[in-house]
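Q: Turn this into a structure:
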Amino acid sequence: MKNHGIKLNMDMSNMSLMQGTAKSISGGSDDDYVTQICIVLPADKHTFPAGIYNVKYDDSLVEIKISKISKQEDDPVLKFSKDFNFGAPGSGLESIPFEAFTDNRGEYPAISLTIVFHKRIASWIDDSHKTGIKMDLDYEKMRIMGGPDNEEKIKAIIVINRLIKSQKWNDIRHISYDDVTVFLENYFKKPSTTPLLLKVNALVSKTAYKQAVYDYILPKIEESGTSQSLAKFEDSHSNKDIANEKALLHTIEEAIDSVLKYQVESRRWIEPFWDGQRIIKHEGNELLVPRSPKGETKIQPTLHVILDMALSPLGIHVIRESDEGIGSLDFRFLYTTKDGVPLTVGVEFKVAHHKEIKKGIHRQLPAYLKAIRSASGIFVVMWFKDGKFFKDPKGYDKDGMENWILEQSDVVSADKKLNISASILDASIRPSASNI
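A: Numbering: from 1, shown residues only. Presented below is the predicted three-dimensional model:
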């Protein structure tokens, strides 16, 4: 898959969760302690043979225990951190489960590697500070370079790679720094087998958070065909000059048509826009809740990710829910021409069954465009009606709704002296081609 310059208006790195205090392992010498580093990797990408091995590192033997994990309950990392969730500020994803950020994405079977150093390797410990944690971080440097490399992870990976080489496992590739983004540190005081401190390190690479969010929103991206449509779109537009607002509008329209609509309508990739059938309890009774379309705020994160992946490589910035002082515009697209001229286009998505859809195109979008000083916008209607799973809006079929919204966009464009285009995105539940 081609690198599409994935970008998000959100980021995190180098998060940690501790049980115990750093001060408890800050006294004495390194040789007074034992360190265990636990790493869990996806089994489909890493085929380590189970067993117990020894590797020489820093003039001493390091033990490596390799085993297969068949279920989440046996995952040493998730035992400690399964209730630790992350948010995605500005994305509409208020909480993402911790397993979405693990290297195996919560999928099993997986491979567990426990690296045992017979000494303390915590580079972040400072026995002269009352908290036991070094406080000499260069925050100006971090703003430029991102978080510093994790020394404990580097040591563990070096040991793993030495094991691969010593065992002549030629079919197993060496582990890179970015292969490991979550790991557990356990510290023991010799000869005790009870840990004084457990520390989960998460998002320990510069792109771990962004990639995890994309994987969470867009599962099975290769199978969905998203990567192919993105590559085709980028190839066809990478050499085109965006010289004015009209050209920017056309590029965004093409992204919606050739990437977003292709995925949703042609490949029937609709799951991210629907809540599944589920059973709920009400007053002691179990009730079956049928499938229903998600609300607009829950739909937007997926739209944001796809549009961002398509347009970021062209230098077009996608800002979600841009607050223009009169409300929140769903998406604002920003681009600077070769001559340094800033361009902007606004896009509003509305579900077809929204009670104020006419207000959306006649009043809201024009007001947002005025606020961002743009004459160009797109109004996209999300269509869910199929007559079986969902029956709104009443009084319209899809063709009728499409004709109506195109007529309204022409009326608004003429009345407001704007360039507003409209389209319909069919995310309804339809039968597969074999059942038609």
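Q: any low-confidence regions in the chain?
A: For the chain, the stretches flagged by pLDDT under 70 are 1-13, 85-95, 126-148, 217-227, 276-290, 321-327, 431-436.
Q: Which parts of it are helices?
A: For the chain, the helices defined by DSSP state H occupy 76-81, 139-145, 151-166, 208-217, 221-224, 226-237, 245-255, 296-311, 357-359, 365-371, 398-416.
Q: Contact partners for Pro195?
A: Gly20, Gln36, Asn186, Tyr187, Phe188 (C-beta atoms under 8 Å, 6 or more residues apart in numbering). (Glycine included, C-beta is placed from N, CA and C.)
Q: still on that earlier bit, relative to Asp426, which of the helices of the chain is closest?
A: Asp426 lies closest, by C-beta to C-beta, to one member of the helices of the chain: helix 398-416, at 6.3 Å.
Q: residues of the closest one that come out buried?
A: Met401, Glu402, Trp404, Ile405, Gln408, Ser409, Val412, Ser413, Lys416 (16 or more other C-beta atoms under 10 Å).
Q: one step back: among the contacts of Pro195, which two are most distant?
A: Pairwise distances across the contacts of Pro195 (C-beta to C-beta) peak at 13.5 Å, for the pair Gly20 and Gln36.
Q: between the two, which one's more packed in?
A: Gln36 (19 against 14; other C-beta atoms under 10 Å).
Q: one step back: just give me the closest of the contacts of Pro195 to Gly27.
A: Tyr187 (11.9 Å).
Q: Val34 is in contact with the closest one, correct?
A: Yes - using C-beta atoms under 8 Å, Tyr187 is in contact with Val34, at 7.4 Å.
Q: Name the residues contacting each of those two.
A: With C-beta under 8 Å, 6+ apart as the test, Tyr187 and Val34 reach no residue in common.
Q: can you list the domain ranges for the chain.
A: 15-214, 233-435 (automatic domain parsing).
Q: Tell me the residues that contact both of Gly20 and Gln36, please.
A: Counting by C-beta under 8 Å, 6+ apart, the shared contacts of Gly20 and Gln36 are Tyr187, Pro195.
Q: check contacts around Ala50.
A: Counting by C-beta under 8 Å, 6+ apart, Ala50 touches Ile66, Ser67, Lys68.
Q: which ones are touching the closest residue in space to the first one that isn't next to it in sequence?
A: Read that as Ile66. Distances taken as C-beta to C-beta, 6 or more residues apart in numbering place Phe48 nearest to Ile66, at 4.9 Å, with adjacent residues excluded. Phe48 is in contact with Leu41, Ile66, Ile111, Leu113, Trp169, Ile172, counting by C-beta under 8 Å, 6+ apart.
Q: Counting neighbours, what do you get for the first one?
A: Taking other C-beta under 10 Å as the criterion, the count of residues near Leu41 is 20.
Q: List the contacts of the closest residue to it other than its chain neighbours.
A: Nearest residue to Leu41, sequence neighbours excluded (C-beta to C-beta, 6+ apart): Ile111, at 4.9 Å. Residues in contact with Ile111 (C-beta under 8 Å, 6+ apart) are Val40, Leu41, Pro42, Ala43, His46, Thr47, Phe48, Ile66, Ser67, Lys68, Ile69.
Q: Can I have the buried ones of these as a PyMOL selection?
A: Entered in PyMOL, the line below selects the buried ones among these, by 16+ other C-beta under 10 Å:
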select buried, resi 40+41+42+43+46+48+66+67+69
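Q: Out of the contacts of Ile111, name the ones that lie in strands.
A: If you go by DSSP state E, the contacts of Ile111 have Val40, Leu41, Pro42, Ile66, Ser67, Lys68, Ile69 in strands.
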